[in-house]
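*Asks:* Here's a sequence, model it:
(one chain, ligands or ions: 1)
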Amino acid sequence: MSTVAAISTGMAPGGIGVVRISGEKAVETAQKVFSSFSGKKLSEIGGYHALYGRARDEKGDIDNVIALVFKAPKSYTGEDVVEISCHGGLYVTNRVLKAVLRAGAEPAGPGEFTKRAFLNGKTDLSAAESVMNMISAQGEQAEKIALSVMEGRLFKQIKEISDSLLYDMALLSAWVDYPYEEIEELSGENLSAHVKNGIEKLDALIKGFDKGQIILEGVDTAIVGRPNVGKSTLMNLLSGTEKSIVTEIAGTTRDIVEDTVNLGSVTLRLADTAGMRSTEDTVESIGVERAVKRLESAGLVLAVFDSSRPLNEEDRRLIGLCRGKKAIAVINKTDLDGNYLFDEISENFAKTVFISAKTGEGRQQLEEAVGSVLGTADFDCTGAALVNERQRDCCKKALDALADAQTAVETGMTMDAVTVCLDSAVENLMTLTGERATDMVVNEIFSKFCVGK
Ligand code: GDP
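*Replies:* Sure, this is the predicted structure:
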């Protein structure tokens, strides 16, 4: 395989910038642009060793850099790798990369380093994919899921299922070849139990997918309510900044103010919407319309009510709009006096939380309510989890094939029919892990990565 290079650090000025070179000629190529202050050559040092020196191109010195050598197969890609760390200015890092390319390396494609790691057996496909989740993780729980998949938890679970099915298939094929031999392990009950076990495990993975996605990707959250109930104040409480304008004049948030915040294990993409009320003001009414649209498309709704005022028609309209949605009633301003009964609200929401957005009281309860309504509170972030649609799709197809296999066993269909179903299940599980993924699938996956990863 060719020797490739790319900038592996972000495209913004930083303390250091790293140019990564991978391939058979990585050391030789790096040596052409690098000379150590000690006079030692990169080829003279072992893996996991580094030299300090100067990077140069045809115009002259570029920067003082550190060249770190990894020897195959003990590297990220499984090939020889050299990482040149220079000062992280974009100009400097780009100039080092250009020098390396001129010295003979080819520019690495998107995800090329991780793709090589997969092709060289350093990682399975599901673990390689979770590198993307790791990079984009916005909170602790998301990072935990990515790490657990990267460490191979998903691979292990899927492999256990497919190994047990492969074993059954081997017995079935032995039985087809030697029908008069007694094959002890091969009984309808054993087969049925294995298939059932596979179905249960895959079903649990698929059921957890949506919750995992909420933790990994965050959830669109609309803060809605009539004017002056404290939507902007709540938004500011959650985001910890003065993003939304808080005033005593009703109707001040005329458009949508957005922010991303971590609440417990979940990342909420918050949108503070215009207060819902009938209005003559054109600008405000556009805002109200947008608020309704936001509510309808949101994955989570925080419906805010004012505990110091009785419910009115606008509040009731909001209650109606929230029906069938994942919505939490947030009864605000508990620091004020108000003796209203809110049964009408709590009857209509899965969770009702009392809060003072002004003092911050009740924030913890809101956090718990969010975890409970989204179902993320009981999600085990350290177990096996599916991290993207592709994996879910493979699991679903395998599950369907196993359901067919179960029916075939139960209805006494031929063993051939059972084998066909098991084969389809295994095929899909191996596509998931990459053991049998086609080039097209592999290329498609890595094309979504960024260059340098
Ligand atoms: P919005 O129109 O729903 O966005 O409401 P704002 O967040 O702009 O708040 C309207 C008014 O209510 C402001 O004067 C806030 O200071 C006040 N307010 C908001 N939350 C609370 C609260 O929890 N307690 C009290 N006492 N006042 C609040």
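*Asks:* Next one: Gly212 from Leu202, what distance?
*Replies:* Using C-beta to C-beta, to the nearest Å, one gets 15 Å for the distance from Gly212 to Leu202. (C-beta placed from N, C-alpha, C; glycine too.)
*Asks:* sec struct for the nearest residue to Ser173 once chain neighbours are set aside, please.
*Replies:* Of all residues not flanking Ser173 in the chain, Thr419 sits nearest, at 7.2 Å (C-beta to C-beta, 6 or more residues apart in numbering). Following DSSP: H, G, I helix; E, B strand; the rest coil, the label given to Thr419 is helix.
*Asks:* Mind pulling the model confidence for Thr419?
*Replies:* Looking at Thr419, its pLDDT stands at 92.
*Asks:* which intervals of the stretch 101-250 of the chain have sub-threshold pLDDT?
*Replies:* 179-186, 241-250 (pLDDT under 70).
*Asks:* cutoff 90 now
*Replies:* Along the stretch 101-250 of the chain, segments meeting pLDDT under 90 span 132-133, 135-141, 167-168, 170-192, 217, 239-250.
*Asks:* quick one: the helix or strand encompassing Leu270 near the ligand?
*Replies:* Assigned by DSSP states H and E, Leu270 falls within strand 266-272. No. Against the ligand, strand 266-272 shows no contacts by C-beta under 6 Å from any ligand atom, the least distance being 6.6 Å.
*Asks:* Which neighbouring elements make contact with that strand?
*Replies:* Secondary-structure packing of strand 266-272 (3 or more C-beta pairs under 8 Å, 6 or more residues apart in numbering; DSSP states H and E): helix 188-217, strand 219-224, helix 231-239, strand 257-263, helix 363-374.
*Asks:* What residues of it count as buried?
*Replies:* Judged by neighbour count using 16 or more other C-beta atoms under 10 Å, the buried positions of strand 266-272 are Val266, Thr267, Leu268, Arg269, Leu270, Ala271, Asp272.
*Asks:* shouldn't the second one be in contact with Gln213?
*Replies:* No. Taking contact to mean C-beta atoms under 8 Å, the distance of 11.3 Å between Thr267 and Gln213 leaves them out of contact.
*Asks:* quick one, what contacts Val92?
*Replies:* Counting by C-beta atoms under 8 Å, 6 or more residues apart in numbering, Val92 makes contact with Gly17, Ile62, Asp63, Cys86.
*Asks:* Return the distance of it relative to Ala30.
*Replies:* 16 Å.
*Asks:* what's the answer for Ala127, then?
*Replies:* Ala127 is 28 Å from Ala30, by C-beta to C-beta.
*Asks:* Those two: who's more crowded?
*Replies:* Between Ala127 and Ala30, Ala30 has the larger neighbour count (other C-beta atoms under 10 Å), namely 30 against 24.
*Asks:* So for stretch 257-266, what gets flagged as buried?
*Replies:* So stretch 257-266, judged by 16+ other C-beta under 10 Å, has buried residues Val257, Glu258, Asp259, Val261, Asn262, Leu263, Gly264, Ser265, Val266.
*Asks:* Nearest to the ligand: which residue in the stretch 301-450 of the chain?
*Replies:* Lys358 (3.4 Å; C-beta to the nearest ligand atom).
*Asks:* how about that residue, secondary structure?
*Replies:* coil.
*Asks:* Number the chain from 274, please
*Replies:* Done: numbering now begins at 274, and the last item shifts to Lys631.
*Asks:* residues touching it, list them.
*Replies:* Gly503, Thr506, Lys606, Asp608.
*Asks:* so which of those residues also contact the ligand?
*Replies:* Within the contacts of Lys631, those near the ligand by C-beta under 6 Å from any ligand atom are Gly503, Thr506, Lys606, Asp608.
*Asks:* Reformat those residues as TSV; add neighbour count.
*Replies:* TSV is the format used below for the ones next to the ligand among the contacts of Lys631 (neighbours: other C-beta atoms under 10 Å):
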residue	neighbour count
Gly503	23
Thr506	19
Lys606	23
Asp608	15
